[in-house]
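S.K.: Got a predicted structure plus its sequence, pasted below:
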Amino acid sequence: MTGAPTAAAATTRRQAAGPPRTGLTLFALAIAGMVVSVQQTLVIPLLPELMTRFHVSVTAVTWVFTASLLAGAVATPLLSRFGDMYGKKKMILLVLVLLLIGSVICAVSGSLGVLIVGRTLQGVSSAMIPLAIGMIRDTFPRERITTAIGIVSATMGVGGSAGMIVTGLIADRTTSHHPVFWITAALAAAGLVLVAVTAHDTGARAGGRPDLAGALLLAGWLVCLLLAISEGNDWGWTSGGVIALFAAAVLLCGLWVVIEQRVREPLVRLSLLVGPKSLSANLSSTLLGFAMFAAFTLISGFVQSPSDKVGYGLGGSVLDVGLYMLPSTVTMLVASAMSGNIARRIGPAYTLAVGSVFAGLSYTWLAVSNSHGYDMLAFSAIQGIGFGVAYAALGTLAVQHVPMDQSGIASGINSLVRTTGGSVAGAVTASILAGKVIAGTQVPTLGAYELCFWIVAAGAVLAAAVAVVHGVRHPHERPE
């Protein structure tokens, strides 16, 4: 009979792993996390070109990005639960295989529909980060857990910036989107081999059976919600279709909650979603997910807007988008490495609050000043500090209060709400940009972008407030 491991057993397992093995495992997980993060943003600079190539609207082409996030939102808790049941390394290898298959489909796609199918398969790989965090908590020495989680968490931002740079380099030489995805396929194959050879999984197995009904209902209400938000401007917010979609989202969500309460082994343990110590971490994760993924979509369009024609923007190329985000990569790496020491001093909740404030300040800068290249560089550097500190602390906060055999699903739920926040960000910002356009065109106004920047800044500041409240309520929490 398999149960939650004792503290002594957990310590023995960590000691058996030893520094050399954990070092190789961390390297493999960080590289794989980087590959997954690259696929999330690789397509963003291409959205304007894809909109022209396939003759579709802003809201339609945004689904190339949103479909990936949605797939990740549904797959993450399911595969995280599988990780607790059958082993996290097996599930990491599975998501990398699906990333490879999805990349190949995107690489040979000739229509928007096929591209979205491939992107959906790629999106399943979002489960990689929570699975990696669960593996770290299961197997790493206590003193290395916070720093290791910080390094893996930082790959979300670092890989995101790298993805846009790679796309920019290719876009300078060809207008086709196919080479971008062949590169993703190659990276996925390399990550797959690296994890297979070097990663070790010594965590306990929880056993049980999957909650497929919960997964289907979760997918259903998320699709209805996001479709209603993204199509609100085109269909009309009071149209029958939009109202029906919102109603369906509420109904399916309610049914999902009922099922999750009654199923013996639910996809999402509601106590880990809205429990006393989980709710604040998950709410902060949702708000930070909104802020981070909003940046990816907003910055790409803003940088590429020609200032001589529309009165704002930097008139940059696809490559410029990635280069402007390069400072974020550097500061995020440094900040994530420092976050472990900060969390040990003041606790992960207050560390999360500090990071969230920096993230909010970065968007406030853009909302106030955005007409020069140095504005974008300053935003990027400050944002990297914010997300580097915040996401490292968030990874620890999400799992430190749960039993060892539930670390995967706890991290998965936290990733689920973060990805959901990112999905909503894509739909909301696309809706605002499509709703406020320059007369006679489909080009968003400067006011539309600035409104989005203010909304995202407010979300980050709200995340900081939630984290402070958590710190006040649980003053003695420290990372393991």
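M.R.: Received it, and whenever you're ready, just let me know what you need. Residues are numbered from 1 along each chain as shown.

S.K.: Contact partners for Ile151?
M.R.: Contacts for Ile151 (Cβ atoms under 8 Å, 6 or more residues apart in numbering) come out as 26, 30, 336-337, 392. Yep, even glycine has a C-beta here, placed from its N, CA and C like the rest.

S.K.: which of those residues are buried?
M.R.: Buried subset of these (neighbour count, 16 or more other Cβ atoms under 10 Å): 26, 30, 336, 392.

S.K.: Next, format those residues as a markdown table and append pLDDT and secondary structure.
M.R.: What follows is these, written out as a markdown table (pLDDT from 0 to 100; DSSP: H, G, I helix; E, B strand; the rest coil):
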| residue | pLDDT | secondary structure |
| --- | --- | --- |
| Leu26 | 86 | helix |
| Ala30 | 86 | helix |
| Ser336 | 79 | helix |
| Ala392 | 77 | helix |
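
S.K.: can you give me the helices for the stretch 301-450 of the chain?
M.R.: Secondary structure of the stretch 301-450 of the chain by DSSP state H, counting those that start in this stretch: the helices cover 307-310, 318-324, 326-346, 348-368, 373-399, 407-435, 446-473.

S.K.: Give me the helices and strands touching the longest one, please.
M.R.: Of the remaining helices and strands, those touching helix 407-435 by 3 or more Cβ pairs under 8 Å, 6 or more residues apart in numbering; DSSP states H and E are helix 58-86, helix 128-139, helix 212-235, helix 270-274, helix 279-304, helix 373-399, helix 446-473.

S.K.: go on, the second one?
M.R.: With contacts taken as 3+ Cβ pairs under 8 Å, 6+ apart, helix 318-324 sits against helix 145-171, helix 279-304, helix 373-399.

S.K.: what sits against the closest residue to Ser284 other than its chain neighbours?
M.R.: Nearest residue to Ser284, sequence neighbours excluded (Cβ to Cβ, 6 or more residues apart in numbering): Ala463, at 4.5 Å. Counting by Cβ under 8 Å, 6+ apart, Ala463 makes contact with 283-284, 287-288, 291, 352, 356, 359, 390.

S.K.: run the last query once more with 10 Å
M.R.: Contacts for Ala463 (Cβ atoms under 10 Å, 6 or more residues apart in numbering) come out as 280, 283-291, 352-353, 355-357, 359-360, 386, 390, 394, 421.

S.K.: didn't Asn370 look like it was pressed against Tyr312?
M.R.: Yes: Asn370 lies in contact with Tyr312 (Cβ atoms under 10 Å); the separation is 7.3 Å.

S.K.: shared neighbours of the two, anything?
M.R.: 302, 446, 449-450.

S.K.: among those residues, which ones are buried?
M.R.: Among the shared contacts of Asn370 and Tyr312, those classed as buried by 16+ other Cβ under 10 Å are 302, 446, 449-450.

S.K.: what's the closest of the residues you listed to Gly440?
M.R.: Nearest to Gly440 among these, counting by Cβ to Cβ, is Leu446 at 16.2 Å.

S.K.: How many neighbouring residues does the closest residue to that closest one other than its chain neighbours have?
M.R.: Leaving aside its sequence neighbours, Leu446 sits nearest to Tyr312 (Cβ to Cβ, 6+ apart; 4.1 Å). A count of nearby residues for Tyr312, using other Cβ atoms under 10 Å, gives 19.

S.K.: how far away is Tyr312 from Ala148?
M.R.: Distance of Tyr312 to Ala148, computed by Cβ to Cβ, to the nearest Å: 42 Å.

S.K.: returning to what we had before: the contacts of Ala463, buried ones only, as a PyMOL selection?
M.R.: The PyMOL command for the buried members of the contacts of Ala463 (criterion: 16+ other Cβ under 10 Å) is given here:
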select buried, resi 280+283+284+285+286+287+288+289+290+291+352+353+355+356+357+359+360+386+390+394+421
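
S.K.: any idea how far the most centrally placed residue in the chain is from Ala132?
M.R.: For the chain, the residue nearest the mean C-alpha position is Thr419 (4.8 Å; Cα atoms, centre = their mean). Distance, Thr419 to Ala132, using Cβ to Cβ: 15 Å.

S.K.: between the helices of the stretch 301-450 of the chain, which one is nearest to Val158?
M.R.: Nearest of these (Cβ to Cβ): helix 326-346, 4.9 Å.

S.K.: dump the residue contacts of the residue nearest to Gly471 when sequence neighbours are not counted.
M.R.: With Cβ to Cβ, 6+ apart as the measure, Ala349 is the residue that lies nearest to Gly471, at 3.6 Å, once sequence neighbours are left out. Shown in contact with Ala349 (Cβ under 10 Å, 6+ apart): 277, 280-281, 284, 343, 393-394, 396-397, 466-475, 477.

S.K.: For Ala349, give me the pLDDT.
M.R.: Here, the pLDDT recorded for Ala349 equals 87.

S.K.: That one and His474, how far apart?
M.R.: 7 Å.

S.K.: Also Ala190?
M.R.: Distance from Ala190 to His474, by Cβ to Cβ: 41 Å.

S.K.: What of Ile243?
M.R.: Distance from Ile243 to His474, by Cβ to Cβ: 41 Å.

S.K.: again, but for Asp211
M.R.: Where His474 is concerned, Asp211 sits at a distance of 29 Å (Cβ to Cβ).

S.K.: Of those two, which one has the most company?
M.R.: Per other Cβ under 10 Å, whichever of Asp211 and His474 has more neighbours is Asp211, with 21 against 16.

S.K.: Show me the shaky parts of the stretch 101-250 of the chain.
M.R.: Applying pLDDT under 70 to the stretch 101-250 of the chain flags residues 156-157, 172, 175, 202-208, 230, 233.

S.K.: ok, now with 50
M.R.: The stretch 101-250 of the chain contains no residues with pLDDT under 50.

S.K.: Extract the C-alpha set from stretch 90-100 and format it as CSV.
M.R.: Listed next in CSV are the C-alpha coordinates belonging to stretch 90-100 (Å, rounded to 0.1, in the frame of the first residue of the first chain):
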residue,chain,number,x,y,z
LYS,A,90,7.7,9.5,-17.4
MET,A,91,5.3,12.4,-17.7
ILE,A,92,8.1,14.9,-18.5
LEU,A,93,9.2,12.6,-21.3
LEU,A,94,5.6,12.3,-22.5
VAL,A,95,5.1,16.1,-22.8
LEU,A,96,8.4,16.5,-24.6
VAL,A,97,7.2,13.8,-27.1
LEU,A,98,3.9,15.7,-27.7
LEU,A,99,5.9,18.9,-28.1
LEU,A,100,8.0,17.3,-30.8
